[in-house]
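Q: here is a sequence with its predicted model. Questions after.
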Amino acid sequence: MANRYAIPVTIGNINGNLIPSGDDTYDIGSATAAWQDLFLEGDVHLSDATTIAITAAAHDTAGPALIISAGDTTAGTTNNIAGGALTIQGGQGKGSGAGGDIIFQTANAGSSGSVINALATALTLSDDLSATFAGAVTVTGDLAGDGETTISTSSNDLHLKPAADIIALGNAGGRIRLVSDSGDNPADAIGISWQEDENNEAMTLYYNGSTNALILKSQNVDPIMTFPRVAGTVIAHTGVMLGADAANNHLDDATHGSGSTTMYIGNETITTSSDSRVKEDITDTAIDAVSLLDKMRIVDFTWNDVNDTSAYGKNYRGKYVGMVAQETIQHAPWIINDQGGGKDCPQCSIGRECNEHLPWHVEYHHLVPTLVKAIQELNKEISILRGAG
């Protein structure tokens, strides 16, 4: 085979190796005289080839397709036979040398013209088992992973743009659903829904762009709470239960339950219980109520509360009649809330600014029994005077 020449006849069986006389010197066929089909059984080893390609088509013809296929089984009477696997491997490195990437390139359509469009990398499979997609990834079936799966970007935002909702399924059957303008939610709505299963919506929190508010709803009640885009504002449409899931703990603009649980803001009650079951050492009072009331100074005043920012709050109402907590505590300490030990604070005790305690409260409702006792004492004196007359 020292000289290249055409063989006009068919070569018969070759009972040995077909080896050229020189390495990396001769071709099998040419661009204008190509062999048609090549049938091989075994491996194909390319010692230094860098490209396997189909010859370019004519300038007015679309390029031919190339199919790389693993082996098929043959149709016949035997059932359930698997096809062969197709494995694409990058080159192996050694030591700290990285293995070669597997790179997929395509040539995207350009503007009208006769210039060949440039190739660009669409997908790179790297030696660290990562896959880098240069463009959009379209998944028509399930996308599943074993172990912990992380989807991240190196710098920009991560955008998920499904045609419908995004659903995350839990192993126990529960699910989280990212809602996008679906169901009975108003237009422009997007949010997150917690579901027991695909048919039962437990709770949905969504943002409504039409009303500019964050809304919490359940399957049976819409909405439960609204968070308007106003700082510090929350609307509880069905009320709030404090401390327990019980009607007696329901705060609402309608009645609930058969009674009212004692509620607190800090250490001060909203509702006052007088039940004997929460009292000890009950005896008839020996207090001289009339004399006690005579010791209390009643003053006129206006409020200067920096926290009263409402245009029609207590600062707006003008003159008040009331007591001064620092004076009243000397005579009736049980009606003064000193906000956690303020009576022992030298600054609070004389009405000066203090960073450790809040302003004191006179809990006037606790003075009512003393007023009743004073009326009883006065009635007793009136009865005596009437009897003397």
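A: That came through, no problem. Numbers count the residues shown, from 1 in each chain.
Q: OK, contacts around residue 225?
A: By CB atoms under 8 Å, 6 or more residues apart in numbering, the residues touching residue 225 are 215, 216, 234, 235, 236, 237. Bear in mind the C-beta positions are built from the backbone N, C-alpha and C, glycine included.
Q: so which of the residues you listed belong to helices?
A: Within those, no residue falls in helices by DSSP state H.
Q: ok, of the residues you listed, which come out buried?
A: The neighbour-count test (16 or more other CB atoms under 10 Å) marks 215, 216 as buried among the contacts of residue 225.
Q: could you measure from the closest residue to residue 318 other than its chain neighbours over to residue 192?
A: What sits nearest to residue 318 in space, not counting adjacent residues and going by CB to CB, 6 or more residues apart in numbering, is residue 302, at 6.6 Å. In this view, residue 302 and residue 192 are 49 Å apart by CB to CB, to the nearest Å.
Q: please say which of the two ends up with more neighbours.
A: Legend: neighbour count by other CB atoms under 10 Å for residue 302 and residue 192, higher for residue 192 (16 against 10).
Q: assumed the more buried one was part of a helix.
A: No. Residue 192 is assigned strand when assessed by DSSP: H, G, I helix; E, B strand; the rest coil, not a helix.
Q: so what pLDDT did it get?
A: At residue 192, the pLDDT value in this model is 78.
Q: that one contacts residue 204, doesn't it?
A: Yes. At 7.2 Å, residue 192 and residue 204 qualify as touching, with contact defined as CB atoms under 8 Å.
Q: so what does the nearest residue to residue 310 once chain neighbours are set aside have for phi and psi?
A: The shortest distance from residue 310 to any non-neighbouring residue, by CB to CB, 6+ apart, is to residue 316 (7.6 Å). Recorded main-chain torsions at residue 316 are phi -80, psi -20, according to degrees, to the nearest 10.
Q: measure how buried residue 316 is and give me the count.
A: Residue 316 has 10 nearby residues by other CB under 10 Å.
Q: just residue 191 next, same as before
A: Other residues close to residue 191 by other CB under 10 Å number 20.
Q: roughly how far apart are it and residue 164?
A: 14 Å.
Q: CA atoms only: put the top helix by length along the chain into CSV for me.
A: When the chain is parsed with DSSP H, its longest helix is helix 368-388. The C-alpha trace of helix 368-388 is given here as CSV (Å, rounded to 0.1, in the frame of the first residue of the first chain):
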residue,chain,number,x,y,z
VAL,A,368,-64.6,51.7,92.4
PRO,A,369,-64.9,49.4,95.5
THR,A,370,-63.5,52.2,97.6
LEU,A,371,-66.1,54.6,96.2
VAL,A,372,-68.9,52.1,97.0
LYS,A,373,-67.6,51.8,100.5
ALA,A,374,-67.6,55.6,100.9
ILE,A,375,-71.2,55.7,99.7
GLN,A,376,-72.1,53.1,102.3
GLU,A,377,-70.4,55.1,105.0
LEU,A,378,-72.2,58.3,103.9
ASN,A,379,-75.5,56.5,103.8
LYS,A,380,-74.9,55.2,107.3
GLU,A,381,-74.2,58.8,108.5
ILE,A,382,-77.3,60.0,106.7
SER,A,383,-79.4,57.4,108.4
ILE,A,384,-78.0,58.4,111.8
LEU,A,385,-78.7,62.1,111.1
ARG,A,386,-82.2,61.3,110.0
GLY,A,387,-82.8,59.2,113.1
ALA,A,388,-81.5,62.0,115.3
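Q: buried stuff in that helix?
A: By neighbour count on 16+ other CB under 10 Å, the buried set for helix 368-388 is 370, 373, 374, 377.
Q: check contacts around the nearest residue to the first one once chain neighbours are set aside.
A: In space, and not counting its chain neighbours, residue 370 is closest to residue 289: 5.1 Å by CB to CB, 6+ apart. Taking CB under 8 Å, 6+ apart as the definition of contact, the neighbours of residue 289 are 370, 371, 373, 374, 376, 377.
Q: hmm, residue 103 is touching residue 119, no?
A: No. Contact criterion CB under 8 Å: residue 103 and residue 119 do not qualify, at 10.1 Å.
Q: higher neighbour count, the two?
A: Remark: of residue 103 and residue 119, residue 103 carries more neighbours, 13 against 10, as counted by other CB under 10 Å.
Q: and the contacts of whichever helix or strand the more buried one is part of?
A: Per DSSP states H and E, residue 103 falls inside strand 102-106. By CB under 8 Å, 6+ apart, the surrounding residues in contact with strand 102-106 are 88, 89, 90, 119, 120, 121, 122, 123, 124, 125.
Q: quick one: the last one from residue 100, how far?
A: It stands for residue 125. For residue 125, the distance to residue 100 (CB to CB) stands at 10 Å.
Q: common neighbours of those two, please.
A: Here residue 125 and residue 100 share the contacting residues residue 90, scored by CB under 8 Å, 6+ apart.
Q: low pLDDT regions in the stretch 151-300 of the chain?
A: Residues of the stretch 151-300 of the chain meeting the criterion pLDDT under 70: 170-175, 177, 179-190, 196-201, 219-222, 231.
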